[in-house]
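Student: What follows is a protein structure lacking sequence information:
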C-alpha cells in the first residue's frame with residue numbers, strides 16, 4: 001500500500017489511536033544503517049538479505065513505517081501477536097499490571113495473575129487436565145511436553161529413548177540446546193541419554209537425508 005498522500009505521519013497515528021495525542025517519531029534517515037551496524041536478525045543471511053523494513057507503529061493487523069506506508073502483518077509478527085497490535089484493552093491491562101508487578105521468578109514463588117489464569121484455562125482444556133505449566137513460546141512448550149513424558153517414565157524406572165515426530169515438520173529449535181547444554185544434576189539426569197557429547201541419540205536414530213524443499217532451493221542457491 002502507498003503512504004497516505006498529503007497527510008503527515010503524526011496525524012495518521014493520531015487517527016489510528018482513537019484521536020489521542022501521540023508523539024510522532026522524529027525523522028530518522030539512518031534507521032537501516034544503524035540497524036545493520038548493531039543488530040543480527042534471526043533466520044537472516046546478513047550479507048545477502050535485503051534491508052529490513054523499519055516499523056514504528058502498529059494497529060490491529062496493520063504495521064506502519066516512518067513514512068506512513070501500511071503493511072498487513074499477515075504472519076502476526078511471527079505467530080505471537082494474534083490479537084493485533086496496540087489493542088487498547090490489552091495495552092491498558094498490561095500497563096496496570098506493570099505498575100503493580102511486571103515479573104517474579106516462578107520457581108519457589110507464585111502470584112495472583114498466574115493462579116487466576118490457570119483456573120480460567122483448565123475448564124477450556126480436554127477432560128483429565130488438572131495442572132498448567134506456563135511456557136513462553138511454542139518451541140519450549142514442545143520441549144516441556146517431551147521432557148515431562150521422559151521424566152514420567154524415568155521416575156517409573158522404565159527407559160524410553162524414542163521421540164516420534166512428523167517428517168519435514170517444524171517442532172521448534174530448543175530441545176537439544178536445553179537438554180545438552182547444561183551441567184549434569186538431578187534436574188537434567190533423565191535427559192542426558194538424549195543428547196550426549198558423543199551424540200549417541202542422534203546416531204541411534206539418524207535423520208534420513210531428504211531433498212531440499214522447492215521453496216528453499218533458490219534461497220540455498222543464493223547464499224551458497
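Tutor: That came in fine, so what should we check first? The structure displayed is predicted, hence computed values, not measured ones.

Student: quick check: domain ranges of this protein?
Tutor: Domains of the chain are assigned by automatic domain parsing as 9-90, 103-134, 139-224.

Student: And those domains, which one averages the lowest pLDDT?
Tutor: Mean pLDDT values for the domains of the chain show the minimum at domain 139-224, a mean of 64.

Student: Can you give me the buried ones in the biggest helix by length in the chain?
Tutor: Longest helix of the chain, by residue count under DSSP state H: helix 138-155. Neighbour-count burial for helix 138-155 flags 139, 142-144, 146-147, 150, 154 (criterion: 16 or more other Cβ atoms under 10 Å). Bear in mind the C-beta positions are built from the backbone N, C-alpha and C, glycine included.

Student: go on, stretch 129-139?
Tutor: Within stretch 129-139, the residues that count as buried by 16+ other Cβ under 10 Å are residue 139.

Student: still on that earlier bit, which neighbouring elements make contact with the longest helix of the chain?
Tutor: On a contact count with 3 or more Cβ pairs under 8 Å, 6 or more residues apart in numbering; DSSP states H and E, helix 138-155 meets helix 175-180.

Student: Which stretches in this structure count as helices?
Tutor: Assigned by DSSP H, the chain shows helices spanning 9-16, 31-38, 76-79, 88-100, 112-121, 138-155, 175-180, 200-204, 217-223.

Student: got CSV for the buried residues of helix 138-155, with distance to residue 131 too?
Tutor: Output for the buried residues of helix 138-155, formatted as CSV (distance: Cβ to Cβ, whole Å):
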residue, distance to residue 131
139, 21
142, 18
143, 17
144, 12
146, 17
147, 15
150, 17
154, 19
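
Student: Could you identify the most distant pair in the residues you listed?
Tutor: 139 and 154 (22.2 Å; Cβ to Cβ).

Student: Hmm, residue 143 and residue 133 touching each other?
Tutor: No. Residue 133 is not in contact with residue 143 according to Cβ atoms under 8 Å; the separation is 11.2 Å.

Student: Between the two ends of stretch 65-79, how far is it?
Tutor: End-to-end span of stretch 65-79 (Cα to Cα, to the nearest Å): 20 Å.

Student: Equivalent analysis for stretch 105-115, please.
Tutor: One end of stretch 105-115 to the other measures 14 Å (Cα to Cα).

Student: And residue 69, how close does it get to residue 87?
Tutor: From residue 69 over to residue 87 the distance is 22 Å, taken as Cβ to Cβ, to the nearest Å.

Student: my bad, should have said residue 148
Tutor: As judged by Cβ to Cβ, residue 148 and residue 87 stand 32 Å apart.
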